[in-house]
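Asks: Predicted model, plus sequence, below.
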Amino acid sequence: MPSVRNQIYVTQPSLPPLEELLPYLEQIWNNKILTNNGPFHQQLEARLCEYLGVNHLSLFTNGTIALVTALQALRVTGEVITTPYTFAATAHALLWNNLSPVFVDIDPNTGNLDPNRIEEAITPQTTAILPVHCYGHPCDVDRIQSIADTYGLKVIYDAAHTFGVRHRGESLAVHGDLSIISFHATKVFNTFEGGAIVCPDETTKKRVDYLKNFGFANETTVMAPGINGKMSEFSAALGLLQLKNIDDLLKRRRQIESLYRETLLSMPGISLMPQPLETVTNGSYMPILINHDYQLSRDDLYKKMKDNGINGRRYFYPLITDMPMYRGLPSANSDRLRSARALSDQVICLPIYSELTDDQVDRVASLIRGS
Ligand SMILES: *Cc1c(COP(=O)(O)O)cnc(C)c1O
């Protein structure tokens, strides 16, 4: 086994310098405001709106509770069209709202919900579409909005991967009725645990703010069975610190992404997903596809990497529709989800994080080349 020192992790969280955190903690200790829309919470909401270029945003304790709350906020009922090629939280948020997921296949070029397959899945019970901008690559937002407009459906984007992604000159998280972002430790921007809902207007943000605070609209009025989804002052302070060097971190992630792409582009047996058009990516994930003519199977390469201290991740494998709580649904039938199945069987996400060195990227690429 390679020593721990030589391990290349699939991701490493970025942290602000510890001494910079201490003054923030002192402030919390002095004013004794620990949560409930405290000063750091308010500052972080304002700074993130500015940074992302969105008008309104509500901070959350994590991305999953944000997703659960977004569905509540729009009063989504019945069936929701979504993708099987995502993290478990996307579909789980539907079950937590007593909603029925209807899985639709993906476009193999993007890993995102295939807009050509959405209409055939719509029934009288359908009220919303829940697409994912997988790996931070944009969904076909125009087509999806046009279908939603035609059928009177809500669109909630799981934009968990999209922090810092710019699409046609604006944040990718501006689309749909609501978008949710995750600030989990493994994401590009982290507050240890955390997340946000991007809201189109002040009224919607207010409703979301009530819902994340048990439904309290004021001291005596509870307008809905809300949840406790509030971000603490500690996480908000971390967020303010993380924002200080986010541009450098994103720049380095994009460099690593380019380096990988240059080295792997013409490698026999390996394919890369096409780079999205009109998009500045965030280098959040580095998926590669292992083809049948590669010297090893996907799982054997994954294991060989591990044996050599290089931690990849089969992301997203298994498909959501293979999990016991979803596999019995009619829309989970494999015949209808061929592209998702193929991608899930071929993909490995390579290590990518800002502290990864060029030499380490070379080490990963050499191992894949088999030299
Ligand atoms: C990380 C992630 C989530 C959940 O976010 P948390 O902040 O970890 O709760 C939801 N959807 C996708 C696609 C994710 O990658």
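Replies: Nice, thanks for sending it over.
Asks: contacts, neighbours, all on C-alpha from now
Replies: Will do.
Asks: quick one: the helices in this protein?
Replies: For the chain, the helices defined by DSSP state H cover 18-31, 39-52, 63-73, 88-95, 141-151, 202-211, 233-244, 246-264, 298-307, 338-346, 358-369.
Asks: Out of those, which gets nearest to the ligand?
Replies: helix 63-73 (3.4 Å; C-alpha to the nearest ligand atom).
Asks: hmm, back to that, highest mean neighbour count out of the helices of the chain?
Replies: The highest mean neighbour count among the helices of the chain, using mean count of other C-alpha atoms under 10 Å, belongs to helix 63-73: a mean of 25.
Asks: how far is that helix from where the chain is centred?
Replies: Chain-centre distance of helix 63-73: 14 Å, with C-alpha atoms, centre = their mean, to the nearest Å.
Asks: what helices or strands is it leaning on?
Replies: Packing contacts for helix 63-73, counted by 3 or more C-alpha pairs under 8 Å, 6 or more residues apart in numbering; DSSP states H and E, involve helix 88-95, strand 154-158, strand 178-182, strand 195-199, helix 202-211.
Asks: The third one to strand 154-158, inter-axis angle?
Replies: In this structure, strand 178-182 runs at an angle of 10 degrees to strand 154-158, with axes from the mean of the first three to the mean of the last three C-alpha atoms, to 10 degrees as the basis.
Asks: Report whether strand 178-182 contacts the ligand.
Replies: Yes. Residues of strand 178-182 are located near the ligand by C-alpha under 6 Å from any ligand atom, namely Ser182.
Asks: Restrict that strand to CA atoms and write it as PDB.
Replies: Coordinates of each C-alpha in strand 178-182 appear next as PDB, following Å, rounded to 0.1, in the frame of the first residue of the first chain:
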ATOM      1  CA  LEU A 178     -35.800  28.100  -7.800                       C
ATOM      2  CA  SER A 179     -32.300  26.700  -7.800                       C
ATOM      3  CA  ILE A 180     -30.500  25.100  -4.900                       C
ATOM      4  CA  ILE A 181     -26.800  25.100  -4.300                       C
ATOM      5  CA  SER A 182     -24.800  23.000  -1.800                       C
END
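Asks: report the angle between the axes of that strand and strand 195-199?
Replies: 160 degrees.
Asks: Could you do the last one as well?
Replies: Regarding helix 202-211 and strand 195-199, their directions subtend 150 degrees when assessed with the same axes, to 10 degrees.
Asks: And helix 202-211, how far out from the chain middle?
Replies: Counting by C-alpha atoms, centre = their mean, helix 202-211 comes out at 22 Å from the chain centroid.
Asks: Use 9 as the first number from now on
Replies: Done: numbering now begins at 9, and the last item shifts to helix 210-219.
Asks: packing partners for it?
Replies: Helix 210-219 packs on strand 64-68, helix 71-81, going by 3+ C-alpha pairs under 8 Å, 6+ apart.
Asks: if we can go back for a sec, could you export the helices of the chain as JSON lines, including distance to the ligand?
Replies: Output for the helices of the chain, formatted as JSON lines (distance: least, C-alpha to the nearest ligand atom, whole Å):
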{"stretch": "helix 26-39", "distance to the ligand": "22"}
{"stretch": "helix 47-60", "distance to the ligand": "16"}
{"stretch": "helix 71-81", "distance to the ligand": "3"}
{"stretch": "helix 96-103", "distance to the ligand": "5"}
{"stretch": "helix 149-159", "distance to the ligand": "17"}
{"stretch": "helix 210-219", "distance to the ligand": "17"}
{"stretch": "helix 241-252", "distance to the ligand": "12"}
{"stretch": "helix 254-272", "distance to the ligand": "17"}
{"stretch": "helix 306-315", "distance to the ligand": "20"}
{"stretch": "helix 346-354", "distance to the ligand": "14"}
{"stretch": "helix 366-377", "distance to the ligand": "23"}
